[in-house]
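K.L.:
below are the sequence and a predicted model; questions follow.
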Amino acid sequence: MSTIATITELLTLSQCQYRIYDLGRRVEKLSKEIFEKLEHNQLPHPTPIQGHAHFAVCFWQQKSASPYLWFIKLPLDERGLINQGARNHFIAIIVEALGTDLSVNPTEKQEELLKNNPYIFTPSQYKLAMLNSFLTDELKQPASKYYQGVVTYLSEQKWQNWQQIGAQGITDFAVRFNHDNHQDLLIAALPHLPDNVLQPLCSALENITLPLNVIQAIIERLKNTESAITQQSMFRALATSAEHPYVVDYIDQMLTDETLAPDMLVILAGRCWQILADKDRCLVFLETLVRKAPDMFAALFKDLVAIPSVRPYLFQCMRDTERSPALAKAIGTLFN
């Protein structure tokens with residue numbers, strides 16, 4: 001038992017099939033190779049949230065029809081590497097409770113041990129719905145009973161009749177709209193959806209890499225709405241597609257817009273951070289942030305500097321001799 005060094009090894013010893021998902025800044029499948037490198041501290045965790053990595057581990061055995069789920073939250077060091085002691089402690093608790101057969105039905109005592117595991121967390125309902133949609137699609141299982149209701153709603157175009165739509169149906173639609181040929185449905189609906197549908201739909205789409213025609217439709221609505229809530233929702237939907245040239249061009253224009261709302265900068269930092277892995281754009285972002293929302297500067301800087309892909313560009317900006325006096329002062333206050 002004491003030789004089990006990683007979660008990967010524990011799953012393998014239990015003869016489990018498994019999938020790993022990152023539940024940090026978005027819901028995203030991780031390859032087994034990447035997860036193993038993260039466990040061995042060969043890679044920093046790419047999407048930390050408040051100094052932690054958040055994982056969903058879905059595993060099952062051939063004899064079992066229903067998979068098991070662990071939601072694991074592990075602390076990271078200042079470099080973004082997983083705290084090995086915490087990971088080992090998590091494994092020790094699991095092995096003490098279940099041994100190496102992870103599929104056993106736990107006794108009451110074992111259940112108590114598992115519940116007291118300090119590295120287990122409960123994701124938000126939105127992330128649970130998103131994960132469930134990804135898993136059923138990945139494992140070739142049918143979508144939820146709410147999926148067809150969303151398709152019918154979008155097809156009938158009776159936009160105010162949204163009350164019967166389920167959140168699970170919306171995430172199912174987001175995951176499947178590509179290969180179920182519903183792109184046209186989505187594009188036709190985007191200019192008309194009420195916020196009650198648009199917000200959860202965009203929250204789901206932020207986890208999906210979008211095709212060009214959908215990106216264009218989202219940017220079109222972004223440019224033609226004055227509603228702050230709609231703008232924020234639509235911008236979130238572009239998160240996974242943030243590095244697409246059309247999205248990059250939109251963000252570059254957005255950062256020079258004098259009417260830009262501070263909340264859009266928060267979404268950019270939290271959802272579209274990948275495009276800040278560029279020194280010039282990172283500097284423009286920081287200058288815009290210190291001008292538009294100086295009270296948010298310290299919190300967003302602290303959040304971004306923990307992201308390995310962005311950190312070196314932030315450090316370059318800190319040393320840039322062309323930075324404004326306001327930015328220099330804001331950076332100085334970080335160390336006082």
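P.N.:
Sure thing, it's come through.
K.L.:
got the contact list for the closest residue to Gln110 other than its chain neighbours?
P.N.:
Leaving aside its sequence neighbours, Gln110 sits nearest to Ala97 (CB to CB, 6 or more residues apart in numbering; 4.5 Å). For glycine as for every other residue, the C-beta is placed from the backbone atoms N, C-alpha and C. Taking CB atoms under 8 Å, 6 or more residues apart in numbering as the criterion, Ala97 is in contact with 106, 110, 113-114.
K.L.:
go on, Ala237?
P.N.:
Counting by CB under 8 Å, 6+ apart, Ala237 has contacts 201-202, 205-206, 210, 218.
K.L.:
same question for Asn207.
P.N.:
Counted by CB under 8 Å, 6+ apart, Asn207 has contacts 26-28, 130, 134, 174, 239-240.
K.L.:
ditto for Leu186
P.N.:
Applying CB under 8 Å, 6+ apart to Leu186 gives the contacts 154, 177, 214, 217.
K.L.:
can I get those in CSV including secondary structure and neighbour count?
P.N.:
Converted to CSV, the contacts of Leu186 look like this (DSSP: H, G, I helix; E, B strand; the rest coil; neighbours: other CB atoms under 10 Å):
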residue, secondary structure, neighbour count
Leu154, helix, 22
Phe177, coil, 25
Val214, helix, 21
Ala217, helix, 20
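K.L.:
and the residues you listed, which is closest to Cys282?
P.N.:
Using CB to CB, Val214 comes nearest to Cys282 of those, at 27.2 Å.
K.L.:
would you agree the closest one is in contact with Gln183?
P.N.:
Yes: shown here, Val214 and Gln183 form a contact pair, counting by CB atoms under 8 Å, at 6.2 Å.
K.L.:
now the spatially closest residue to Asn161 that is not a sequence neighbour: which helix or strand?
P.N.:
Computed as CB to CB, 6+ apart, the closest residue to Asn161 that is not its neighbour in sequence is Tyr153, at 6.8 Å. Using DSSP states H and E, Tyr153 falls within helix 147-156.
K.L.:
which residues in this structure form strands?
P.N.:
17-22, 28-30, 52-60, 68-75 (DSSP state E).
K.L.:
in JSON lines: the ones you listed, plus distance to Gln231, mean neighbour count and mean pLDDT.
P.N.:
Shown next, in JSON lines, are those (distance: least, CB to CB, whole Å; neighbours: other CB atoms under 10 Å; pLDDT from 0 to 100):
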{"stretch": "strand 17-22", "distance to Gln231": "27", "mean neighbour count": "20", "mean pLDDT": "95"}
{"stretch": "strand 28-30", "distance to Gln231": "24", "mean neighbour count": "17", "mean pLDDT": "96"}
{"stretch": "strand 52-60", "distance to Gln231": "27", "mean neighbour count": "21", "mean pLDDT": "95"}
{"stretch": "strand 68-75", "distance to Gln231": "32", "mean neighbour count": "18", "mean pLDDT": "94"}
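K.L.:
closest one to Arg281 among the ones you listed?
P.N.:
The closest of the strands of the chain to Arg281 is strand 28-30. By CB to CB, the value is 22.7 Å.
K.L.:
what's the spacing between Cys202 and Lys158?
P.N.:
Applying CB to CB, to the nearest Å, the value for Cys202 to Lys158 is 20 Å.
K.L.:
neighbour-wise, which of the two wins?
P.N.:
Cys202 (24 against 9; other CB atoms under 10 Å).
K.L.:
list the contacts for the more buried one?
P.N.:
With contacts defined as CB under 8 Å, 6+ apart, the neighbours of Cys202 are 233-234, 236-237.
K.L.:
redo these as TSV? Include distance to Val247.
P.N.:
Shown next, in TSV, are the contacts of Cys202 (distance: CB to CB, whole Å):
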residue	distance to Val247
Ser233	15
Met234	11
Arg236	12
Ala237	10
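K.L.:
neighbour-wise, which of those residues leads?
P.N.:
For the contacts of Cys202, neighbours tallied by other CB under 10 Å; top is Ala237, 27 neighbours.
K.L.:
from the contacts of Ala97, which two are the most distant?
P.N.:
Top of the distance list for the contacts of Ala97 (CB to CB): Pro106 and Leu113, 8.1 Å.
K.L.:
count the neighbours of the residue lying closest to Gln164 once chain neighbours are set aside for me.
P.N.:
Residue nearest to Gln164 in three dimensions, not counting chain neighbours: Gly149, with 6.2 Å by CB to CB, 6+ apart. Neighbour count of Gly149, defined by other CB under 10 Å: 19.
K.L.:
this completes my enquiry, with thanks.
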